[in-house]
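Student: Structure of the sequence below:
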Amino acid sequence: MRYSDAMNDTRMPPVTGLILAGGEGRRMGGQDKGLMRLRGRPLAEWVLTRIRPQVSEVLISANRNLEAYGALGHPVLRDRTGGFVGPLAGIARGLLETRHPLLLAVPCDTPFLPDDLMARLYAALVGQGADLAVPVAAGRAQHAICLMRTEVGASLADYLARGGRKVQEWQAMLKRVSVDFGEEAAFFVNINRPEQLAALEALPHSA
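Tutor: Residues are numbered from 1 along each chain as shown. Next comes the predicted model:
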């Protein structure tokens, strides 16, 4: 199945979008990254705007400032594991809470995601009979952005219970497909440091 077919395929099952905003923001000086503002809007809101039209429902993974995230209008989930153990804990909670057969996880610091992200990942997932699909842009895999079947929840729970924390390591245990987005790296810019946010803020708003 080509991604253009997937976008028009009424048989595409319902999908839960999960915005991952539960980190410590260490490289942002401990600030809650999803609530940091770009052009007057929280980063998490930018991500929400990009993925909401592509999915059936949205959940937000967060471990602090829950009311602020709740104001975005979607359910907010805290990690079940104590402390900040990384994005896999948020994904695990999302897999437990979703009512749908597919979960699309995206970080809160990727404000420019493509509007055909879901369709292209889904086409590859189905076409390859994979458990999980990850975009690749300009030769770089974006492991924190992934579409997965909810059946992988058991594998993730076991990995976390054994002390595993690395996204790429867990994904390597599954049947994973990489989806080539060519040189479209700008869609997958992630904002990790204050200077990156400041540089984007300084660009013309049409950029």
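Student: can you give me the strands in the protein?
Tutor: 15-21, 37-38, 41-42, 57-62, 76-77, 102-107, 132-137, 140-141, 146-149, 176-180 (DSSP state E).
Student: Against which helices or strands is the fourth one packed?
Tutor: Spelled out, that is strand 57-62. strand 15-21, helix 43-51, helix 66-70, strand 76-77, helix 87-97 (3 or more Cβ pairs under 8 Å, 6 or more residues apart in numbering; DSSP states H and E). Backbone N, C-alpha and C define where each C-beta goes, glycine included.
Student: next one: the third one
Tutor: Here strand 41-42 touches no other helix or strand, going by 3+ Cβ pairs under 8 Å, 6+ apart.
Student: Give the rounded mean pLDDT of it.
Tutor: Mean per-residue pLDDT for strand 41-42: 94.
Student: what pairs with that strand, and is each one parallel or antiparallel?
Tutor: Here strand 41-42 is paired, per DSSP bridges, with strand 37-38 (antiparallel).
Student: Also the longest one?
Tutor: Strand pairing for strand 15-21, determined by DSSP bridges: strand 57-62 (parallel), strand 102-107 (parallel).
Student: Now render these as TSV, adding mean pLDDT.
Tutor: Shown next, in TSV, are these (pLDDT from 0 to 100):
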stretch	mean pLDDT
strand 57-62	97
strand 102-107	98
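Student: Export the ones you listed to TSV and append columns for mean neighbour count and distance to residue 12.
Tutor: Output for the strands paired with strand 15-21, formatted as TSV (neighbours: other Cβ atoms under 10 Å; distance: least, Cβ to Cβ, whole Å):
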stretch	mean neighbour count	distance to residue 12
strand 57-62	23	14
strand 102-107	25	9
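Student: measure residue 55 to residue 93 for me?
Tutor: Per Cβ to Cβ, to the nearest Å, residue 55 is found 17 Å from residue 93.
Student: One more: residue 103?
Tutor: From residue 103 to residue 93 the distance is 11 Å (Cβ to Cβ).
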